[in-house]
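Asker: I'll drop the sequence and a predicted model, then ask my questions.
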Amino acid sequence: MKIAIVCDWLITYAGSERLLAELLVCYPDADLFAVVDFVPESERHFLQNKLVKTTFIQNLPFAKKRYRSYLPLMPMAIEQLDVSAYDLVISSSHAVSKGVITGPNQVHISYVHSPMRYAWDLQHQYLRETGLDKGLKGQLAKYFLHKMRIWDQRTAHGVDHFVANSQFIAQRIWKTYRREATVIYPALDTNFFTPCFEKEDYYLTASRLVPYKKMDLIVESFAAMPEKKLVVIGDGPEMAKVKSKATKNIDILGYQSGEKLKQYLQQAKALVFAAEEDFGLVPLEAQACGTPVIAYGKGGALETVCGLETAHPTGLFFKEQSVAAIQAAVREFEVNQDKFTADNCIKKAAAFAPEKFRENMKEFVKSVTSA
């Protein structure tokens, strides 16, 4: 088969790009398409030196830094990508790539990281956090998102088979498009994230510093527990807000390399994770390092962390995103700390090894493309 892989935008090597890297391992002869490609030369290893075919947005003014500003043009841009010569099209989508146009003799599989959160169930939160919930700009934003929803739902008809990265996202796909999705969990790099059985006396939280990650909430929680040490890894627009809430027991390290992140994950007594994620790799990376997780009990974490109610717990959950709930969860963790073994964490993470993803993805593709 001739195979095309279509993704949204290529900017850096992060979550959806790791999934793309695994797809390219499964199908090394596939051609690659994207709205824009601005991945630095130092990070292009995961693209296997492929020439990426991009859209007209690639050459628009300031697209390298302001590509998100061209979101209103992206539906038209993705529809201009010509994939008519391919038997199989796999879109890796969290925004617009599932809207690529295919014909009746082609199979289109869309691996969905999430329907566009800012256009659907998280619209009001997105508008508040960006200051677009009022005024003329707010009205324009709401109109644009309304149009995006119509386009997004219409293009779901062009997808033959949906794949979701979690049961949580499969539910979102059903709610948004009224389509069933097969769940194939993303791959965790278990060759890189390796265990350490010697722990130090600190908690860790690691993420981009953006509003929905609730990093400021974690910092505020530990600021009120001065006897407990917290290490914060990550950078982003919320950095000033996070720093303003930090106290002496909290170390804010900013961005760290993958090697440094691994070292901190290996030695932490627990990872604290307060986001409602679609899937969320960081809790799995922690468990691969033999480190248990204290997580918000919604979203993908419920599928990647085994709570106290299970036979082999790898962490526990708090029920609301609040300071009181996080503090109570930390206290509960310390009371039950001997129940969270490194071996249990490692075994849980092993179920998400790259070989498992590749096997499941190839088997699924074979099942829907065989005559």
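Answerer: That came through fine. Quantities reported herein were computed from a predicted structural model and do not represent experimental measurements. Numbering: from 1, shown residues only.
Asker: I'd assumed Q153 was in a helix, is it?
Answerer: Yes - counting by DSSP: H, G, I helix; E, B strand; the rest coil, Q153 is part of a helix.
Asker: that one contacts K175, correct?
Answerer: No - assessed by C-beta atoms under 8 Å, Q153 is found out of contact with K175, at 11.3 Å. Backbone N, C-alpha and C define where each C-beta goes, glycine included.
Asker: compare the two (neighbour count), which wins?
Answerer: Using other C-beta atoms under 10 Å as the criterion, Q153 and K175 rank with Q153 on top: 15 against 11.
Asker: what ranges do the strands span in the stretch 51-200 of the chain?
Answerer: Taking DSSP state E, counting those that start in this stretch as the test, the strands found in the stretch 51-200 of the chain are 52-53, 88-93, 107-112, 161-164, 181-183.
Asker: just say which of those strands is most tucked in.
Answerer: Among the strands of the stretch 51-200 of the chain, ranked by average contacts under mean count of other C-beta atoms under 10 Å, first place goes to strand 88-93 (a mean of 26).
Asker: angle of that strand against strand 107-112?
Answerer: Computed with axes from the mean of the first three to the mean of the last three C-alpha atoms, to 10 degrees, the direction of strand 88-93 lies at 20 degrees from that of strand 107-112.
Asker: tell me the helices and strands packed up against strand 88-93.
Answerer: The helices and strands touching strand 88-93, judged by 3 or more C-beta pairs under 8 Å, 6 or more residues apart in numbering; DSSP states H and E, are strand 3-10, helix 15-26, strand 107-112, helix 354-369.
Asker: got those as TSV, with mean pLDDT and distance to Y255 columns?
Answerer: Converted to TSV, those look like this (pLDDT from 0 to 100; distance: least, C-beta to C-beta, whole Å):
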stretch	mean pLDDT	distance to Y255
strand 3-10	96	19
helix 15-26	92	16
strand 107-112	98	28
helix 354-369	96	25
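Asker: so which of those gets nearest V242?
Answerer: helix 15-26 (20.8 Å; C-beta to C-beta).
Asker: who's in contact with the closest one?
Answerer: Contacting residues not belonging to helix 15-26 are listed as 5, 7-8, 10, 13, 30, 32, 39, 46-48, 50, 90, 92, 94, 111, 113, 165, 186-187, 189, 279, 281, 354, 357-358, 361-362, 365 [C-beta atoms under 8 Å, 6 or more residues apart in numbering].
Asker: for C306, phi and psi?
Answerer: Note on C306: its backbone torsions stand at phi -90, psi 120 [degrees, to the nearest 10].
Asker: right, and A325 touches R331 too?
Answerer: No - contact between A325 and R331 fails when scored by C-beta under 8 Å: they sit 11.0 Å apart.
Asker: neighbour-wise, which of the two wins?
Answerer: The neighbour count for A325 versus R331, taken as other C-beta under 10 Å, is higher for A325 (18 against 12).
Asker: shaky segments in this protein?
Answerer: The chain contains residues with pLDDT under 70 at 371.
Asker: mind giving me the domain ranges of it?
Answerer: Domain ranges of the chain: 3-187+353-369, 203-350, per automatic domain parsing.
Asker: winner for burial among these?
Answerer: domain 203-350 comes out most buried of the domains of the chain by mean count of other C-beta under 10 Å, with a mean of 19.
Asker: quick one: the helices in the chain?
Answerer: For the chain, applying DSSP state H gives helices covering 15-26, 63-66, 74-79, 123-129, 135-155, 167-177, 215-223, 239-245, 258-267, 282-288, 301-304, 323-335, 342-350, 354-369.
Asker: okay, the third one in CSV with CA atoms only?
Answerer: Extracted in CSV, the C-alpha atoms of helix 74-79 (Å, rounded to 0.1, in the frame of the first residue of the first chain):
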residue,chain,number,x,y,z
MET,A,74,-6.2,25.8,8.7
PRO,A,75,-9.4,24.0,7.6
MET,A,76,-8.9,25.4,4.1
ALA,A,77,-5.2,24.6,4.2
ILE,A,78,-5.6,21.0,5.2
GLU,A,79,-8.2,20.4,2.5
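Asker: pull the distance from it to the chain's centre.
Answerer: Relative to the chain's own centre, helix 74-79 is displaced by 23 Å; criterion: C-alpha atoms, centre = their mean, to the nearest Å.
Asker: could you list the residues in contact with that helix?
Answerer: For helix 74-79, using C-beta under 8 Å, 6+ apart, the contacting residues are 6, 8, 35, 55-57, 70, 95-97, 99-101, 148, 151, 155.
Asker: so can I have TSV of the helices of the chain showing distance to I294?
Answerer: Formatted as TSV, these follow (distance: least, C-beta to C-beta, whole Å):
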stretch	distance to I294
helix 15-26	21
helix 63-66	36
helix 74-79	37
helix 123-129	23
helix 135-155	34
helix 167-177	19
helix 215-223	10
helix 239-245	18
helix 258-267	14
helix 282-288	10
helix 301-304	10
helix 323-335	5
helix 342-350	13
helix 354-369	26
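Asker: distance to Y203 added to the strands of the stretch 51-200 of the chain, as CSV?
Answerer: Formatted as CSV, these follow (distance: least, C-beta to C-beta, whole Å):
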stretch, distance to Y203
strand 52-53, 40
strand 88-93, 33
strand 107-112, 33
strand 161-164, 31
strand 181-183, 30
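Asker: between these, which one is nearest to P313?
Answerer: strand 181-183 (22.6 Å).
Asker: what does that closest one rub up against?
Answerer: Contact partners of strand 181-183, identified using C-beta under 8 Å, 6+ apart, comprise 112, 161-167, 169-170, 173-174, 364.
Asker: K2 reaches Y86, doesn't it?
Answerer: Yes - here K2 reaches Y86: they are 4.7 Å apart, a contact under C-beta under 8 Å.
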